[in-house]
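J.: no FASTA, just this:
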C-alpha cells in the first residue's frame with residue numbers, strides 16, 4: 001500500500017493512525033523488519049519525521065479476509081475497504097448467481113464476521129479484464145469513495161494490435177449499448193454517455209503496441225471501444241475487432257488505482273504487476289478461466 005502524506009507527523013504516529021486495530025508492538029516490529037519505505041527508501045526509525053507530499057509504502061495485513069486464503073491476491077485491506085487483484089475470466093458481480101468476486105469475498109466476510117460485514121462494489125472490471133479492483137466493507141465507505149470518485153486515478157496496461165497513428169492522445173466519444181449488449185461510439189443522443197480515455201505508448205513489439213491507458217470516465221467497455229475506434233483493438237478482444245485467428249485472453253490489465261481513503265481522506269495507491277504471459281503471443285489458442 002502506497003500512501004501520500006497530507007500532514008506533518010512522525011512515522012510511528014502515521015502507522016498507528018493507519019493501523020488503529022493493530023498492537024503497537026506489531027507496528028514497531030514491521031518497522032524493525034524494514035518493510036516500511038518512505039519515498040522509496042526503507043526507514044526503520046519510528047521517530048522519522050514525515051512531511052506533506054512524502055509517500056509511505058508498507059504492508060501490514062490486518063483485515064479478516066486475508067486470513068481466509070482467498071483464491072486471488074489481496075493487495076490492500078483495512079476495516080473499511082479491500083482491494084484485490086482480479087484474475088481474468090471472473091465477473092466483478094452478477095445477478096444470475098454465477099461465481100463472482102463480490103460473492104466470494106462476501107461469503108468469507110460473512111463467515112469471519114458472523115454476518116456483521118458484507119461487500120459493496122465500488123467499480124467494475126469486465127469479466128475478461130484483470131487487475132486492481134476496489135470493494136468496500138460498508139455502504140458508508142462505498143458512498144464516501146463514490147462521492148470523491150472524480151479524484152480517483154486509474155491506469156491500465158493494454159496490448160493492442162497495430163501502432164496508433166499518434167504515440168499518445170485522448171479519445172472522446174458518446175457511448176451507447178445496442179440490443180446485443182455491445183457498446184458503440186455515436187453522436188450525442190439520448191441514452192448515450194460521454195467517455196474520455198487517455199493513452200500513451202510504452203513500447204512497440206513488432207506490429208503490436210503496449211499502452212498506458214488512463215480513464216477519466218468509467219463507462220462500460222470504454223477502453224475496448226475507444227482503442228478499436230482508433231484502429232488498434234486490444235489483443236484477444238474479438239468483440240471489438242481484434243483478430244479472430246486464435247482465441248486469446250484479452251490483454252487489458254488494471255495496473256494501478258489511486259483514491260482518497262473513505263475515512264482518513266489520505267490518498268491510497270495500489271498497484272498490480274503485469275500478469276505473466278501478458279506480452280507473449282503464440283500461434284495457438286490460449287486457455288484461461
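T.: Thanks, I have it. Not measured: the values here are computed from a predicted model.
J.: where exactly do the strands run in the stretch 1-150 of the chain?
T.: Along the stretch 1-150 of the chain, counting by DSSP state E, counting those that start in this stretch, strands occupy 2-4, 9-10, 37-38, 41-42, 49-50, 55-57, 74-77, 81-86, 120-121, 130-136.
J.: Can you add mean pLDDT and mean neighbour count and give those back as TSV?
T.: The way it works is simple: take the backbone N, C-alpha and C, and place the C-beta from them, glycine included. Shown next, in TSV, are those (pLDDT from 0 to 100; neighbours: other C-beta atoms under 10 Å):
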stretch	mean pLDDT	mean neighbour count
strand 2-4	83	18
strand 9-10	91	15
strand 37-38	86	16
strand 41-42	80	10
strand 49-50	92	16
strand 55-57	87	18
strand 74-77	88	20
strand 81-86	93	23
strand 120-121	92	17
strand 130-136	96	25
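J.: can you tell which of these is closest to residue 31?
T.: strand 41-42 (9.7 Å; C-beta to C-beta).
J.: tell me the domain boundaries of this protein?
T.: 1-60, 153-254 (automatic domain parsing).
J.: Compare these and report which one is nearest to residue 282.
T.: Nearest of those (C-beta to C-beta): domain 153-254, 8.2 Å.
J.: What mean pLDDT does the closest one get?
T.: Averaged across domain 153-254, pLDDT comes to 96.
J.: In the protein, spot the helix with the most residues.
T.: The residue-count maximum for a helix in the chain (DSSP state H) belongs to helix 101-112.
J.: Check which residues of that helix are buried.
T.: 101, 102, 103, 104, 105, 106, 108, 109 (16 or more other C-beta atoms under 10 Å).
J.: Same check on stretch 134-144?
T.: 134, 135, 136, 137, 138, 141, 142, 144.
J.: Tabulate those in a markdown table, adding columns for distance to residue 205.
T.: Shown next, in a markdown table, are the buried residues of stretch 134-144 (distance: C-beta to C-beta, whole Å):
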| residue | distance to residue 205 |
| --- | --- |
| 134 | 30 |
| 135 | 34 |
| 136 | 38 |
| 137 | 40 |
| 138 | 44 |
| 141 | 40 |
| 142 | 39 |
| 144 | 41 |
